[in-house]
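K.L.:
below are the sequence and a predicted model; questions follow.
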Amino acid sequence: MKRGLLLFLLLGLAQLAQAQVGPAAPLGPDLLPGGTIPIPFIELSMSEAASGSEVALSIQLMLLLAVLTLAPSFAVLLTSFLRISIVFDFVKRAMSLQQSPPPQVLNGVALFLTIFIMWPTFSDIYNNAIQPLSNGEISVAQMYTEAERPIRLFMFRQMSDNPENIRLFMRMRGLEDPHTLADVPTHVLIPAFILNELTIAFKIGVYIFVPFIIIDMVVASCLMAMGMIMLPPVMISMPFKLILFWLLDGWNLLARQIFLSFNI
């Protein structure tokens, strides 16, 4: 009974609303309600390849999609972002911070510092590779070579003081010791650069941890002497760490030292 009454009321309200509004105005062929432009429908179709060139084109398209999928990994591993992000994580752990600043904030700061540090390299790639290709002056293969050269030069500069990682991977591949940058293949230079960045980031992390560990030891010793064993030392030491970081203008000092750690 209740359901039938509810259905009757809903039907009555619908008829009342239709009577007040009236018949809908016909729409034009080019506009939707409100005068907006209709969104086109994109349809993708697949068919069997009829020749070897079409098969090669399909393979090139799949490789291009794979490269675009791995583009964020390339941006992280082949630039200064790797070192900066690791150093920021060490700073957060050394100061015993849990949620502040959030990882998104630290990654955003690391991203813009990466753009600042890598700007000469990006400008070189744009002027010598992307712009000539868009003007039709060079081919795609030449564009790849011109875009690869600044990245290789940047990675090699970071290892100019300690090329041991390059020698390691050259020996693992059974290649002779290189004499110039041209003798080092890209597939050898990239893992050597990654290990070099990890090593430098860990060295910086050790220097960051030392003063904060001293504060933790002093606070823990004072709490032990007062018999306050149940009180976590981190709750007392963290404000002192923040005060020390603020008095030393930590972010300014950290950004400056990170910039100076790169050979640009």
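P.N.:
Here it is on my side, so go on.
K.L.:
what about the helices in the stretch 151-264 of the chain?
P.N.:
Using DSSP state H, counting those that start in this stretch, the helices of the stretch 151-264 of the chain run over residues 164-172, 186-225, 233-247, 250-260.
K.L.:
going by mean pLDDT, which of those comes out lowest?
P.N.:
Among the helices of the stretch 151-264 of the chain, helix 233-247 has the lowest mean pLDDT, at a mean of 83.
K.L.:
now for it, which elements pack on it?
P.N.:
helix 186-225 (3 or more C-beta pairs under 8 Å, 6 or more residues apart in numbering; DSSP states H and E). C-beta: built from backbone N, CA, C; applies to glycine.
K.L.:
the helix it packs on to helix 164-172, inter-axis angle?
P.N.:
130 degrees (axes from the mean of the first three to the mean of the last three C-alpha atoms, to 10 degrees).
K.L.:
tell me which residues in helix 186-225 are buried?
P.N.:
Residues of helix 186-225 classed as buried: 188-190, 192-194, 196-197, 200-201, 204-205, 208-209, 212, 215-216, 219-220, 223 (neighbour count, 16 or more other C-beta atoms under 10 Å).
K.L.:
show the contacting residues for Q99.
P.N.:
Not one residue lies near Q99 by C-beta atoms under 8 Å, 6 or more residues apart in numbering.
K.L.:
which of the helices or strands spans it?
P.N.:
For Q99, there is no enclosing helix or strand under DSSP states H and E.
K.L.:
check it and give its pLDDT.
P.N.:
78.
K.L.:
tell me how far it lies from N263.
P.N.:
35 Å (C-beta to C-beta, to the nearest Å).
K.L.:
check the secondary structure at T79 for me.
P.N.:
Three-state assignment for T79 (DSSP: H, G, I helix; E, B strand; the rest coil): coil.
K.L.:
contact partners for it?
P.N.:
Per C-beta under 8 Å, 6+ apart, neighbours of T79: 114, 118, 154.
K.L.:
between those residues, which is nearest L254?
P.N.:
Closest approach between the contacts of T79 and L254, by C-beta to C-beta: T114, at 14.6 Å.
K.L.:
not counting sequence-adjacent ones, nearest residue to the closest one?
P.N.:
F81 (4.3 Å; C-beta to C-beta, 6 or more residues apart in numbering).
K.L.:
tell me the contacts of that neighbour?
P.N.:
75, 110-111, 114.
K.L.:
what would those residues look like in TSV with neighbour count?
P.N.:
Converted to TSV, those look like this (neighbours: other C-beta atoms under 10 Å):
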residue	neighbour count
A75	14
A110	22
L111	16
T114	20
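K.L.:
just those: which are in helices?
P.N.:
75, 110-111, 114 (DSSP state H).
K.L.:
G205 touches V87, doesn't it?
P.N.:
Yes - using C-beta atoms under 8 Å, G205 makes contact with V87 at a distance of 6.6 Å.
K.L.:
now do stretch 151-170: distance to the chain's middle.
P.N.:
Its chain's average C-alpha position is 22 Å from that of stretch 151-170, according to C-alpha atoms, centre = their mean, to the nearest Å.
K.L.:
test my guess that N196 contacts R167.
P.N.:
No - counting by C-beta under 8 Å, N196 does not reach R167; the two are 11.9 Å apart.
K.L.:
ok, now how distant is N263 from E148?
P.N.:
Distance from N263 to E148, by C-beta to C-beta: 19 Å.
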